[in-house]
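1. with the input below, show me the fold.
(one chain, ligands or ions: 2)
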Amino acid sequence: MATPADAVREIYLAGIGGGTPALTTDLTALEEQARAVMTPAAVGYVLGDAGTGETGRLNRRAYARRHLVPRMLRGAAQRDLSVSLFGRTLSSPVLLAPIAAQTVAHPEGELATARAAAEAGVPLVLSTGSSHSLEDVAAVAGPRWFQLYWPSDRAVAASLVRRAEQSGYTAIVLTVDAPTFGYRPTDLDSGYLPFLHGHGIANFTSDPVFLAGLPDGGSVLQHWARVFANPALDWDDLPWLRTVTSLPILLKGVLHPADARRALDLEAVDGVIVSNHGGRQLDGTVAALDVLPAVRAAVGNDVPVLVDSGVRTGSDVLKALALGADAVLYGRPYLYGLALDGQAGVAHVLRCLLADLDLAMALAGCRSTADVTPDLLMPEAHPAPYDFG
Ligand SMILES: Cc1cc2nc3c(=O)[nH]c(=O)nc-3n(C[C@H](O)[C@H](O)[C@H](O)COP(=O)(O)O)c2cc1C
Ligand SMILES: O=C(O)C(=O)c1ccccc1
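-> Ligands and ions are numbered 1, 2, ... in the order given. This next block holds a predicted model:
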């Protein structure tokens, strides 16, 4: 069977005949390559951080600051990258993060992403703000979860969740860190919001409940703007979502351990995703990686905890797992692949990440993800100064 590391062998073999990969294999350099092929508005939307970009930069620094202490001679000739979540086996501890409006990067948008993810066996988390309907994406996708932005109208929320369940999405990711858009100077300076240009509204324009609420002769965009967001959402709403679906529910965008604990105490969710939205929402927040151990401690070992925001390389995935994550969401880099070469570009990025992760496990002496334990990291000279009480 082909292993992730075969991708590396193939590249060297092709090199004998003079071939080199069309896209960089440096997962931190894709951003620069992609910048050159996207429209300025798409660059602003996809690369853009909130505010000063401090949190966006901090996300990367949190990974850079931590160092692996690999173990030798542990017989890691073959690696098993799989993890188990909600009773299902994932081929690796990586899922694609929900990213809205992917047609800003490539006309095939989420369809290309879903095909590449299916080919790689990597689950896709489809955004509520996808540019193709969740049914159209399901038709070409492999394993899939649905990310919910809870609309202001509960009937629309229920309809989206029901449709996702009927279309084979196996978990609901409720994002709670975006009651409103963050203050994003790149988008503000270009006066650009993809949704107002028709990107990322397909799940609404295909929704019977949304359409039934559209006033006669009314504007779809105005109706979308009324319905899309629900800044008033609070803890008391969460139990209702449970009544709508039997799928596992994960809360995405949690940073404070007490929020993670509260969600579990309400018995409203089955897992949490520690995230600061890639630095796109509240600028000045802590790096997601820095609060991961405290969130893990708050929820215990039996609750799935995922993390995103700043994951770029195989070593980053190891660091996240060593700090308590069960899996990571991989964000912007796959969108850079999409912008650069559609489905093939996303496939390239996933091949690179999985090869990098597989080699990282071999080099760190990990035969399986269960071997990725906290002692793989150098203890920090100054332990995390957070005491959440
Ligand atoms: C262009 C873009 C659109 C996004 N759209 C969504 C979304 O619709 N729903 C959501 O929960 N998160 C969304 N996110 C956040 C990602 O799911 C993820 O948290 C973030 O990209 C992680 O940061 P990183 O990509 O820098 O690693 C979006 C991120 C980007 C870059
Ligand atoms: O841009 C985003 O980060 C995002 O999550 C989003 C997605 C859809 C609508 C609004 C915001």
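
2. quick one: contacts for whichever residue of the stretch 151-300 of the chain sits closest to ligand 2?
-> Closest to ligand 2 within the stretch 151-300 of the chain is residue 280: 4.5 Å, counting by C-beta to the nearest ligand atom. Every C-beta, even on glycine, is put in place using the N, C-alpha and C of the backbone. Residues near residue 280 by C-beta atoms under 8 Å, 6 or more residues apart in numbering: 48-50, 56, 182, 184.

3. just residue 296 next, same as before
-> Residues near residue 296 by C-beta under 8 Å, 6+ apart: 305, 323-325.

4. the residue of the stretch 151-300 of the chain closest to ligand 2 and ligand 1, how far apart?
-> 6 Å (C-beta to the nearest ligand atom, to the nearest Å).

5. next, give phi and psi for that residue.
-> When quoted as degrees, to the nearest 10, the phi and psi of residue 280 stand at phi -100, psi -10.

6. can I assume residue 96 is in contact with residue 127?
-> No. In this structure residue 96 lies outside contact range of residue 127 using C-beta atoms under 8 Å: 10.1 Å.

7. wondering if the longest helix belonging to the chain reaches ligand 1 at all.
-> Criterion DSSP state H: the longest helix present in the chain is helix 332-364. Yes. Helix 332-364 is in contact with ligand 1 by C-beta under 6 Å from any ligand atom, via residue 332.

8. which other helices and strands contact that helix?
-> Counting contacts by 3 or more C-beta pairs under 8 Å, 6 or more residues apart in numbering; DSSP states H and E, helix 332-364 packs against helix 6-16, helix 30-35, helix 40-47, strand 94-96, helix 109-120, helix 314-322.

9. OK, contacts around the residue lying closest to residue 200 once chain neighbours are set aside?
-> Nearest residue to residue 200, sequence neighbours excluded (C-beta to C-beta, 6 or more residues apart in numbering): residue 101, at 3.3 Å. Contacts for residue 101 (C-beta under 8 Å, 6+ apart) come out as 45, 109, 127, 129-131, 194-195, 199-200.

10. got those as JSON lines, with neighbour count columns?
-> JSON lines is the format used below for the contacts of residue 101 (neighbours: other C-beta atoms under 10 Å):
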{"residue": "45", "neighbour count": "24"}
{"residue": "109", "neighbour count": "25"}
{"residue": "127", "neighbour count": "24"}
{"residue": "129", "neighbour count": "23"}
{"residue": "130", "neighbour count": "28"}
{"residue": "131", "neighbour count": "27"}
{"residue": "194", "neighbour count": "22"}
{"residue": "195", "neighbour count": "18"}
{"residue": "199", "neighbour count": "21"}
{"residue": "200", "neighbour count": "28"}
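
11. among the residues you listed, which ones are in strands?
-> Per DSSP state E, strands hold no members of the contacts of residue 101.

12. wait, which of the residues you listed is closest to residue 21?
-> Relative to residue 21, the closest of the contacts of residue 101 is residue 109; by C-beta to C-beta it sits at 23.5 Å.

13. spell out which residues of the stretch 1-150 of the chain are next to ligand 2.
-> Checking the stretch 1-150 of the chain against ligand 2 by C-beta under 6 Å from any ligand atom, the hits are 100, 129.

14. show me where the stretch 1-150 of the chain dips below the pLDDT cut-off.
-> In the predicted model, the stretch 1-150 of the chain carries pLDDT under 70 at residues 1.

15. for ligand 1, what are the nearby residues on it?
-> Checking the stretch 1-150 of the chain against ligand 1 by C-beta under 6 Å from any ligand atom, the hits are 45-46, 97-100, 127, 129, 147.

16. understood, closing this out.
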